[in-house]
Every structure is written in C-alpha cells, then in structure tokens.
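Peer 1: With the input below, show me the fold.
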Amino acid sequence: MEALQGKFRGFGDQIWRVHTPPVWHRDYLTGGELATTATSPQLRNPKAQGRLQMRAVRALNRWSHLVTLAQAYHFSREEHFREVLCNWLSDWNLKNPLGRGWNWMEAGEAAARLCNLSWIDALVRLPGTLVDQLLPKHVWWLARYGPQESSALPWMSGLICALARWPQAAAWSESWPAISHKWQTAVLREIRDDGRFGAASWDLQRKVVEFLISARSALLAREVQIPELVEKRVRLAANFIISCGDSHEPWPFGESGEGDMFPGFSIADWLAGEESVTSKWHGAPPPPTPSVAPQDFHIGGDEAWRWLLHQRPSSGSHGHEDAQHLSLWIDHLAVLIDPGSGFPNAGHHNGPTPLSAGKTGAPALLPLKRALHPRRSITALPGGWRITDTGDAAFSVRWLLAPGWEIEPHDDSCILFREGHTLEFSVRGGHLEITSGQCSPSFGQQVEAPVLIVHMTEGGSLTTDIVSRPLL
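Peer 2: As a prediction, this is how the structure comes out:
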C-alpha cells in the first residue's frame, strides 16, 4: 500500500516520497522544512518564510491518505492498518499544538481534516482517547475562527460532518439545528443561480463542491430535510464543474489542480448515479435540474467537440487575466488549454491581447482594458470551429496546445497530430509563428507544450479555423 511505503499522492498524480509518519511541516514538493512554533496569526504575514510552499504542506495535512488506511482496514480487517493510522494521528496531534504552526492558519484546512476524521472513525472506530484529543480542538477552532473566513461553506461543512458523527461536539460549537440552518443559508448566498461559487477558479469551485456533498450527506444521515432550492444549488454547483472541463483531460481555468480534498471523489460519477466510492459514501445526488448558462462563460460544442469561452474581460478574484480565453477538446482530448499555476497574465492565455510598440520596436503587452480589448466570436464549421478576433488596433493571439500534439507546419496553416486525431489549423489575416512554451498540469509541475502565435500588426479581423480531418 502506497501510504505504508512512504508514498503520498499529491496534487493529482504526483507521487511524493514522505517519511512514515510524515514530517507534518515539511514541504515535500521542494524539500523545504517549515517547522515553527509561532502562533498562527503571526504566520498570516505574507512575508513569512516558506509562505509560497504552503500548498504542499496543506495537501499532506488534510489526512486524505489516512482515510485510505482506514479503508484498507475496513475491507481487510488487518489490524496493522489501524495501528499505523492511530499512531500517525497521535503523532500529528503531538506535533501540531492548537493554534501554533502552519496547519492552524486556515479554517478550511481544519474543516477538511474534520470531514476526513469523521470518515476515518466511521471506518475503524478510533480509540476514545484519540478522538478526545483531536475532536474538541478542531471543532472549537472552526467555531472560533471560521466566521472570519471569506466563505462560510468549508468550515460549516466541517462542523456539520463532526456534529453528525459526534453529537457531543455541540459542546464546543453551535447546536445542530443552528449550524444546519446557517449552512443552508450560506449555500443560497454563496452559490450563484448558475451554480458558480463567486468568481473562484475551477479548482476552488471543485473543493467547495466536495465540501457541499460531504455536508449534505451528513445532514441526510441525520434525517434533516434539505429545502428543494438548496438541493438545486448543490446540483448546479456540481454541474458547473462538469460543464467547464473534461473528465479525461480537464486543464481547468485558474490555478492548476491540487488534488482532491477527500480521497476517491468523483463528481461526474456521483451526478450520473454510477456505482462509485462517492455514491457509496454520500448517497444519491439531488434530482436532476437543467443547467443554467454560466454568467462568466459561454459553453458550446457538439458530439465530438467541447469548448469553453471566458466572456468577461477578467474572470475575477482568482487573479488570472484570461479575458476571452478559449479552451477546446475533441473526443476528450484537450486541444487548446489554460496554462495553469504560475501563468496568470493575459499574454499566457489564448485570448486576443492588445499590442503596442516597445522601446526596441517589439510588441509589448498593454494593460487589459474593456474598450481596447479585441472582440471574439465562435461559429461552427463542418468538422470544426471558426474563431474570429476583431480589434481596432494591433493585437496578437497565443494559442497554447496541450502537451503531446505534434505539428506539421505549412505557410499560414499547420496540421496537428495526436492519438489518432488530425486537425487542420489555419489563419487568415495574420502571420502564424510556431514555437513552444510552458504550462502547469498540476501545482508545482511545469511541462513544455507547443504554442502557435498569430500577430495582427494593424488591427482588423483575424480568422482561425480548427477542423478535424480524416487520417490519410
């Protein structure tokens, strides 16, 4: 088993070598050590040493790998799994005193541990002394500091899972009816009518959906009647995740994926009602409801193609200048992608970007402005799509392809090959340049990918056709 072999699956499919038990304050992505006894408020200073590596520390301290140990014990009844699990939880408790160190910085992370702890206890029946050490501090911390967070859904979901599993947890928090009512109110307040969680990145939206599903299953286990409107919002939030990517190669917008908050989670299988770990743990999803067109995106496609167009000049608080960025898939293969973490600027995305003459005469990026920004439209072609970009002044488009596509160049076109697919990429109105760039499939990982750049030196209309061609 990976966990017992010192392997941790972080940020999706990355495998990290970790100690057994793990060093809970170690950044295993870069090898840095972040041990500290400072109080958590002191660590909120963005200049604090090691702040930029905290994602790797957080991933390890959500206890998702400990849930897999609990599952191994539940299905095998081999006592060794339970002993290791209890020893590691005891070690975590010893190395992470309440309110000190990096693992008490964010209520959402404590909420993830509390949700996972409830599943661990359900699978292995933890010793009462261990529960008494871990449960009160987490419940009290969430009740005390959760209301200071920008979103109520993660920390409230953590409390709901704890209260459903251990009713005595109400001694350190609000009562079950109170927190249940507040959670339902927060769902209606924070999940928009189109299912989106504010202006969050795809990865943050997915995390919130996992919290929603976990809290909902806990409420249903306690036979709480969830209002129809709240059920609809939960369903729409999950629908949004599926509609804005692809289950095979998602390449989501905003920050690159950090992996699941909880192990074995498949939102797509859960919505489809398929037999999976998610459906077994969390029950049937809310009744189907028609998806609502997202306010920030235009989603289209046909039986073979899917595309996602960012409609606003900026996608908001997730900090990426991805105005009019277009992501494209064919038969579950990513074609045009979002670059991911570390590439937030407009020039990293494939929306049309205004240009001006720099000191050396080379094109330079202008600030993103609604009035100056070129316009983009998409129309269907037989076997593909036409993207038309129109600008009043010079602009460029940088098309980032998914890794793995091979390019055969021609004059103002090229042929793309990958896994049995042949695509013709042609432009009219600009000059096509073939180069390469970087993208991030998951946080902390960068790989090389093909890039196609088109310059419009005097403004006007640029037409880009991407059409599937049969293999010769």
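Peer 1: Look up how far residue 307 lies from residue 383.
Peer 2: The spacing between residue 383 and residue 307, counted by CB to CB, to the nearest Å, is 14 Å. Quick note: C-beta positions are derived from backbone N, CA and C, even for glycine.
Peer 1: which of these two has more neighbours?
Peer 2: A direct count of neighbours by other CB atoms under 10 Å for residue 383 and residue 307 places residue 307 higher, at 20 against 17.
Peer 1: hang on, the more buried one packs against residue 297?
Peer 2: No - using CB atoms under 8 Å, residue 307 makes no contact with residue 297, being 10.1 Å away.
Peer 1: Name the residues of stretch 333-353 that are buried.
Peer 2: 333-341, 343-344, 346, 348-353 (16 or more other CB atoms under 10 Å).
Peer 1: Likewise for stretch 25-42?
Peer 2: 25-29, 34, 36, 40.
Peer 1: okay, and the helix or strand of this structure with the least pLDDT?
Peer 2: strand 363-365 (a mean of 38; mean pLDDT, DSSP states H and E).
Peer 1: Which strands and helices lie in contact with whichever helix or strand comes after that one?
Peer 2: Downstream of strand 363-365, the next assigned helix or strand under DSSP states H and E is strand 375-381. Using 3 or more CB pairs under 8 Å, 6 or more residues apart in numbering; DSSP states H and E, the elements in contact with strand 375-381 are strand 305-310, strand 384-391.
Peer 1: among those, which is nearest residue 92?
Peer 2: strand 305-310 (39.3 Å; CB to CB).
Peer 1: what's the longest helix in this structure?
Peer 2: Counting residues, the longest helix found in the chain (DSSP state H) is helix 202-221.
Peer 1: Relative to the helix or strand where residue 427 lies, what are the paired strands and their orientations?
Peer 2: Using DSSP H and E, residue 427 falls within strand 421-428. Neighbouring strands of strand 421-428 in its sheet, by DSSP bridges, are strand 413-418 (antiparallel), strand 460-469 (antiparallel).
Peer 1: for the stretch 201-350 of the chain, what are the low-confidence residue spans?
Peer 2: 246-247, 254-260, 264, 274-279, 312-320, 344, 346 (pLDDT under 70).
Peer 1: What are the boundaries of the helices in it?
Peer 2: Remark: helices assigned in the stretch 201-350 of the chain by DSSP state H, counting those that start in this stretch are 202-221, 228-243, 267-272, 277-282.
Peer 1: Could you list every helix and strand in contact with the third one?
Peer 2: What it means is helix 267-272. helix 202-221, helix 228-243, helix 277-282.
Peer 1: Kindly compare burial across the ones you listed and name the winner.
Peer 2: helix 202-221 (a mean of 23; mean count of other CB atoms under 10 Å).
Peer 1: So which elements touch that one?
Peer 2: So helix 202-221, by 3+ CB pairs under 8 Å, 6+ apart, packs with helix 107-124, helix 153-165, helix 176-190, helix 228-243, helix 267-272, helix 277-282.
Peer 1: quick one: the first one to chain centroid distance?
Peer 2: By that I understand helix 107-124. 20 Å (CA atoms, centre = their mean, to the nearest Å).
Peer 1: Name the residues of that helix that are buried.
Peer 2: For helix 107-124, by 16+ other CB under 10 Å, it's 107-121, 123-124.
Peer 1: between that helix and helix 202-221, what angle do the directions make?
Peer 2: Interaxial angle, helix 107-124 versus helix 202-221 (axes from the mean of the first three to the mean of the last three CA atoms, to 10 degrees): 50 degrees.
Peer 1: Helix 107-124 vs helix 153-165, what angle?
Peer 2: Using the same axes, to 10 degrees, helix 107-124 lies at 30 degrees relative to helix 153-165.
Peer 1: Quick check: mean pLDDT of the helix or strand following helix 107-124?
Peer 2: Next in sequence after helix 107-124, counting helices and strands by DSSP H and E, comes helix 128-145. Averaging the model's pLDDT scores along helix 128-145 yields 96.
Peer 1: for helix 128-145, packing partners?
Peer 2: Against helix 128-145 (3+ CB pairs under 8 Å, 6+ apart) you get helix 79-95, helix 107-124, helix 153-165.
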